[in-house]
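Trainee: quick one: sequence plus predicted model below, questions after.
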Amino acid sequence: MCGIVGYIGGQNCVPVLINGLESLEYRGYDSAGVAVISNGAIEIRKTKGKVENLRNLLLEQPVSGTVGIGHTRWATHGAPSDVNAHPHFSNDDKIAVVHNGIIENYQELKEKLQAKGYVFHSDTDTETVAHLIDDFYKQNNDLLEAVRLTLNVIEGSYALGVLCTDYPDQIIAARKESPLIVGIGEGSNFIASDIPAILNYTKNAYILGDKEFALIKADEIKLYDIDGNEIHRDVYTYNWDVEAAQKNGYDHFMLKEIYEQPKVVMDNLSRRFSADGKHVELDGIKLGRAELENINQIYIVACGTAYYAGLVGKYLLERMVRIPVNSEVASEFRYKDPLIDEHTLVIVVSQSGETADTLSALKLAKAKGSRVLGIVNAVGSSIAREADDVLYTLAGFEIAVASTKAFSAQVIAMYLLTLHIAQELGTLPEKDFLEIKEAMLRLPSQINDILTKAVPAIRSFVDKYISSKNVFYIGRGLDYVVSMEGSLKLKEIAYLHSEPYAAGELKHGPIALIESATLVVGVATQESLFDKTRSNMQEVKARGAKVLAIAMQGNRSIEEVADDVIYIPRTHWMLTSVLANIPQQLFAYYMALGLGEDIDKPRNLAKSVTVE
Ligand code: F6R
């Protein structure tokens with residue numbers, strides 16, 4: 001949540017900051033602002049709403065300078081407004097601060113600062129940081145030390161960018177539990193919450209660790225730990241090109257990312273099998289037979305879409321490895337004193353690798369002696385760095401707030417991990433492994449097939465039911481998990497009330513909600529459960545529902561109980577989820593498009609949830 005960018009170099013920083021903020025808008029879009037050092041003073045321009053509003057404000061009130069910081073906000077403390085927008089000034093306009101995270105003890109600090117005469121203008125926790133730095137600076141006249149002392153006092157999470165008029169040739173940056181990188185240019189340097197913000201200028205960066213801070217000049221970067229000791233860090237080179245952060249002709253990032261899925265799945269499958277084709281090979285995972293035999297239960301912990309990918313893993317691992325698997329949302333897991341120990345494998349799943357609840361769950365698991373395996377997309381992220389083993393999902397940048405390709409990559413990771421564990425523990429005969437592997441390698445072309453053929457049918461269904469107010473998703477087993485993800489996507493971007501139900505559970509209450517023209521998406525791709533789910537679809541149809549079914553090719557009898565059917569290509573039972581979810585993504589996308597919603601930036605949401 002919240003995006004930060006900063007530039008110091010030889011050119012006007014304002015276009016660099018604005019372009020950077022636009023590519024960080026997926027992190028929040030409640031307000032945006034910049035602070036620029038201009039003729040020895042700091043000029044701030046900030047406004048409620050999207051970066052576009054800031055761009056317009058800068059046309060009316062231009063500013064320029066070679067050193068600046070910018071921010072796009074997802075509001076936590078204080079409503080989205082001009083005054084709560086970052087950057088925030090110290091009282092004499094000497095120090096400006098941008099912040100991502102939450103200062104948990106800000107109220108107590110605020111009272112102490114007010115007692116010293118500091119006047120607060122906003123409702124934010126961030127303003128406390130500006131005044132605190134100012135207070136320390138007035139005492140010791142050393143800005144870097146004032147920032148360090150501030151970091152020792154504030155509690156919570158932060159990524160910070162700091163400017164001071166007395167040091168017009170530097171930016172200070174710091175981080176704890178919120179992402180921040182220091183981009184390395186030629187004659188110019190940067191700070192950013194994420195690489196897309198600066199990819200036009202550099203692919204090289206230092207990834208700041210927790211409680212580390214940096215002094216950044218145009219031609220020099222120094223990194224420090226919280227005690228003020230200078231530290232050295234390897235340069236990380238991002239292997240992504242500028243195009244990855246652009247729409248490339250698609251109307252929305254979400255649609256682009258949906259269409260990237262054949263490639264993402266292929267990338268996740270290539271080089272994951274041994275040369276003889278008989279084993280899964282997962283770089284970064286050191287879980288051999290000995291380690292696995294020490295484990296008597298697995299927990300899979302994540303949030304939102306990543307949690308649903310984890311649920312796919314639960315169904316597969318329990319069925320194919322016969323180990324008990326608990327799946328928990330991270331915000332519950334972290335506060336329930338879970339029954340885990342050194343015989344528990346905890347798998348955390350996260351696209352961003354920065355989700356606050358998931359990161360805390362990981363830390364809790366480690367503190368209880370459990371081994372933690374991270375399934376992570378963002379390379380070098382907090383979760384990737386803290387987990388004992390990491391399986392990267394290779395989905396590339398996911399910019400649309402609603403996750404699509406990252407989910408598919410997480411599900412593929414679950415498939416691979418299940419096969420790996422099953423093989424190590426001897427629960428998967430080689431013949432079955434080879435059959436599943438062959439089916440997996442067909443998935444990219446099968447996804448392509450769905451993307452090519454399903455769109456007209458989905459669009460015509462959307463046209464018929466665009467005025468629906470309630471949509472139910474039903475399925476059994478793995479299809480139930482897919483239903484949950486489909487329902488979440490529709491809520492997020494089309495703002496439609498939607499509920500997923502285990503199809504067999506409907507008659508225990510929720511079926512009372514079905515009435516004439518209620519929309520039901522029925523997922524029935526599990527052959528062993530097909531007849532059961534089909535009967536449940538019949539039950540809702542008999543009560544007037546309009547049914548969109550997702551089924552495997554060949555199961556034509558579904559047409560008797562559905563108004564429209566999207567067929568997915570035939571595959572092995574364990575692999576249906578990744579295919580069945582594609583029509584659901586398209587359905588949510590075209591519903592949101594038809595309703596005129598802001599698909600890539602749905603209201604109230606942000607991509608990377610770094611607050612509780
Ligand atoms: C939904 C969505 C969210 C995320 C969740 C976890 O489309 O994107 O539900 O899946 O916030 O985020 P990560 O995977 O970054 O931990």
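Mentor: Sure, I can see it.

Trainee: could you identify the helix or strand that succeeds the helix or strand hosting Asp432?
Mentor: Of the helices and strands defined by DSSP states H and E, Asp432 is found in helix 430-465. Per DSSP H and E, helix 430-465 leads on to strand 470-475 as the next helix or strand towards the C-terminus.

Trainee: would you map the helices across the stretch 301-450 of the chain?
Mentor: With DSSP state H, counting those that start in this stretch as the criterion, the stretch 301-450 of the chain has helices at 304-321, 330-333, 356-367, 382-386, 405-424, 430-465.

Trainee: what's the closest of those to Glu559?
Mentor: helix 430-465 (12.5 Å; C-beta to C-beta). C-beta coordinates here come from the backbone N, C-alpha and C atoms, glycine included.

Trainee: give me the helices and strands touching the closest one, please.
Mentor: helix 261-269, helix 405-424, strand 546-552, strand 564-568, helix 576-594 (3 or more C-beta pairs under 8 Å, 6 or more residues apart in numbering; DSSP states H and E).

Trainee: can we see that at 6 Å?
Mentor: Packing partners of helix 430-465 (3 or more C-beta pairs under 6 Å, 6 or more residues apart in numbering; DSSP states H and E): helix 261-269, strand 564-568, helix 576-594.

Trainee: give me the distance between Asn604 and Gly28.
Mentor: For Asn604, the distance to Gly28 (C-beta to C-beta, to the nearest Å) stands at 10 Å.

Trainee: who's more crowded, the two?
Mentor: Under the neighbour definition other C-beta atoms under 10 Å, Asn604 and Gly28 were set side by side, and Gly28 has more, 27 against 9.

Trainee: quick one: the more buried one and Ala75 touch, right?
Mentor: No - under the criterion of C-beta atoms under 6 Å, Gly28 is not in contact with Ala75, lying 7.7 Å apart.

Trainee: for the chain, which residues are neighbours of the ligand?
Mentor: For the chain, the residues in contact with the ligand (C-beta under 6 Å from any ligand atom) are 303-306, 350-352, 355, 358, 402-403, 488, 492, 608-609.

Trainee: what about these, which one has the most neighbours?
Mentor: That'd be Ser350 among those, by other C-beta under 10 Å, with 36 neighbours.

Trainee: if I look at His121, how far off is Glu127?
Mentor: According to C-beta to C-beta, His121 and Glu127 sit 7 Å apart.

Trainee: then Leu490?
Mentor: Distance from Leu490 to Glu127, by C-beta to C-beta: 38 Å.

Trainee: looking at those two, which is more packed in?
Mentor: More crowded of Leu490 and Glu127, by other C-beta under 10 Å: Glu127, with 29 against 25.

Trainee: which strands or helices does the particular helix or strand that has the more buried one in it pack on?
Mentor: Here Glu127 sits within helix 126-140, counting by DSSP H and E. Packed against helix 126-140, as judged by 3+ C-beta pairs under 6 Å, 6+ apart, are the following elements: strand 88-89, strand 95-100, helix 106-115, helix 143-153.

Trainee: which regions of the stretch 251-400 of the chain sit below the pLDDT cut-off?
Mentor: Of all residues in the stretch 251-400 of the chain, none has pLDDT under 70.

Trainee: from the stretch 151-300 of the chain, which residue is nearest to the ligand?
Mentor: Met254 (9.5 Å; C-beta to the nearest ligand atom).

Trainee: contacting residues for that residue?
Mentor: Each residue near Met254 by C-beta atoms under 6 Å, 6 or more residues apart in numbering is listed here: Ala400, Ala402, Tyr589, Ile599, Asp600.

Trainee: grab the nearest non-local neighbour of it.
Mentor: Once flanking residues are discounted, Met254 sits nearest to Ala400: 3.7 Å by C-beta to C-beta, 6 or more residues apart in numbering.

Trainee: domain ranges for the chain, per the record?
Mentor: What automatic domain parsing lists as the domains of the chain is 3-244, 248-428, 446-595.

Trainee: ok so, going back, who wins for neighbours among the contacts of Met254?
Mentor: Greatest neighbour count in the contacts of Met254, by other C-beta under 10 Å, goes to Ala402: 30 neighbours.

Trainee: so it makes contact with Glu492?
Mentor: Yes - using C-beta under 6 Å, Ala402 is in contact with Glu492, at 4.9 Å.

Trainee: related to what we said a few turns ago, of the helices and strands packed on helix 126-140, which is nearest Gly33?
Mentor: Closest among those, using C-beta to C-beta: strand 95-100, at 7.8 Å.

Trainee: which other helices and strands does the closest one contact?
Mentor: For strand 95-100, the packing partners by 3+ C-beta pairs under 6 Å, 6+ apart come out as helix 126-140, strand 158-164.

Trainee: most tightly surrounded among the ones you listed?
Mentor: strand 158-164 (a mean of 27; mean count of other C-beta atoms under 10 Å).

Trainee: other SSEs contacting that strand?
Mentor: For strand 158-164, the packing partners by 3+ C-beta pairs under 6 Å, 6+ apart are strand 3-8, strand 95-100, strand 171-176.

Trainee: in the stretch 401-550 of the chain, which residue sits closest to the ligand?
Mentor: Closest point on the stretch 401-550 of the chain to the ligand, by C-beta to the nearest ligand atom, is Ser403, at 3.4 Å.

Trainee: next one, pLDDT for that residue please.
Mentor: For Ser403, the model assigns a pLDDT of 97.

Trainee: ok, Met414 - contacts?
Mentor: Val312, Gly313.

Trainee: quick one: it from Ile295, how far?
Mentor: Met414 is 17 Å from Ile295, by C-beta to C-beta.

Trainee: could you do Glu257 as well?
Mentor: For Glu257 relative to Ile295 (C-beta to C-beta), the value is 34 Å.

Trainee: so the two - more neighbours on which side?
Mentor: Glu257 (25 against 18).

Trainee: figure out how far the helix holding Asp432 is from the centre of its chain.
Mentor: Relative to its parent chain, helix 430-465 has a centroid offset of 24 Å by C-alpha atoms, centre = their mean, to the nearest Å.

Trainee: what comes up buried for that helix?
Mentor: Residues of helix 430-465 classed as buried: 433, 436-437, 439-440, 443-444, 446-451, 454, 457-458, 461-462, 465 (neighbour count, 16 or more other C-beta atoms under 10 Å).

Trainee: that one versus strand 470-475: what angle between them?
Mentor: 160 degrees (axes from the mean of the first three to the mean of the last three C-alpha atoms, to 10 degrees).

Trainee: relative to helix 261-269, how tilted is helix 430-465?
Mentor: 160 degrees.

Trainee: state the distance from Glu230 to Tyr206.
Mentor: Taking C-beta to C-beta, one finds Glu230 at 13 Å from Tyr206.

Trainee: let me fix that: Tyr29
Mentor: The gap separating Tyr29 from Tyr206 is 27 Å, by C-beta to C-beta.

Trainee: out of those two, which sits in the more crowded spot?
Mentor: Higher neighbour count among Tyr29 and Tyr206: Tyr29, with 27 against 24, using other C-beta under 10 Å.

Trainee: excluding covalently adjacent residues, which one is nearest to the more buried one?
Mentor: Counting by C-beta to C-beta, 6+ apart, Tyr29 lies nearest to Lys50, which is 4.8 Å off, once chain neighbours are set aside.
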